[in-house]
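**Student:** Sequence unavailable; structure follows:
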């Protein structure tokens, strides 16, 4: 594995929400950006970014639903009741914890080219989801070959399989075409602690 372009322990994660100032939307879009703090080459300062939507029960009331969210909402929620699907609720249930039914739906997830191949992709996702553990019931994302800009169907499928395996390494589970994880999962905390303990991405 190549050396990182800067010290991974100097990477800071900024999470912010941008939306209407005078209303409370049924869906809220969040952004997370990982960037090196302190002195470093400007070309490697940006590590990666994530775009996610926070969705509450009754998503059927959201009109129109952003296209990138449609599959996640239709799968994670029951269309007739607007409640979290009982099968996924049971899959990621944490005993004795009463929490919101909100879902953090991740729609964009990318590392900057200088930071690829270092094992940081899953760590960035874990660190971001962990920030929402008090607000969301679970995190979900869809990984499909059509999301990858490749020259062949086989390459796209291989890329989707590779990304899915990265998530599963960090505790995500496959469910009906989605990858989901309980925001209370120990795997999320363990992933970030691993970087601190080892001083480098694994």
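**Tutor:** Thanks, I have the structure now. From a predicted model like this one, the values you see are computed outputs, not experimental measurements. Numbering: from 1, shown residues only.
**Student:** Strands along the protein, start to end?
**Tutor:** 11-17, 27-36, 46-55, 103-111, 138-141, 173-175, 178-182 (DSSP state E).
**Student:** Could you check the angle the fourth one makes with strand 46-55?
**Tutor:** By that I understand strand 103-111. For strand 103-111 against strand 46-55, the angle by axes from the mean of the first three to the mean of the last three CA atoms, to 10 degrees is 160 degrees.
**Student:** Per-residue pLDDT of residue 123, please?
**Tutor:** We note a pLDDT of 89 for residue 123 in this prediction.
**Student:** list the helices and strands the lengthiest helix in the chain packs on?
**Tutor:** Across the chain, the longest stretch assigned as helix under DSSP state H is helix 153-169. Helix 153-169 is packed against helix 121-130, strand 178-182, with contacts defined by 3 or more CB pairs under 8 Å, 6 or more residues apart in numbering; DSSP states H and E. The C-beta positions use only the backbone N, C-alpha and C, and glycine is treated the same way.
**Student:** Please spell out which residue in the chain sits farthest from the middle.
**Tutor:** Counting by CA atoms, centre = their mean, the extreme residue of the chain relative to its mean C-alpha position is residue 39, 28.1 Å from that point.
**Student:** where does this structure dip in pLDDT?
**Tutor:** For the chain, the stretches with pLDDT under 70 are 1, 57-63, 93-100, 192, 194-202.
**Student:** Turn the strands of the chain into a markdown table, including distance to residue 78 and mean neighbour count.
**Tutor:** A markdown table is the format used below for the strands of the chain (distance: least, CB to CB, whole Å; neighbours: other CB atoms under 10 Å):
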| stretch | distance to residue 78 | mean neighbour count |
| --- | --- | --- |
| strand 11-17 | 26 | 13 |
| strand 27-36 | 17 | 18 |
| strand 46-55 | 13 | 21 |
| strand 103-111 | 12 | 20 |
| strand 138-141 | 15 | 26 |
| strand 173-175 | 14 | 15 |
| strand 178-182 | 15 | 22 |
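**Student:** could you dump these to JSON lines with distance to residue 73?
**Tutor:** Formatted as JSON lines, the strands of the chain follow (distance: least, CB to CB, whole Å):
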{"stretch": "strand 11-17", "distance to residue 73": "19"}
{"stretch": "strand 27-36", "distance to residue 73": "9"}
{"stretch": "strand 46-55", "distance to residue 73": "6"}
{"stretch": "strand 103-111", "distance to residue 73": "7"}
{"stretch": "strand 138-141", "distance to residue 73": "9"}
{"stretch": "strand 173-175", "distance to residue 73": "14"}
{"stretch": "strand 178-182", "distance to residue 73": "11"}
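**Student:** closest to residue 152 out of those strands?
**Tutor:** Comparing the strands of the chain by their distance to residue 152 (CB to CB), the top pick is strand 103-111, with 21.0 Å.
**Student:** Check which helices and strands that closest one sits against.
**Tutor:** strand 46-55, helix 67-76, helix 121-130, strand 138-141.
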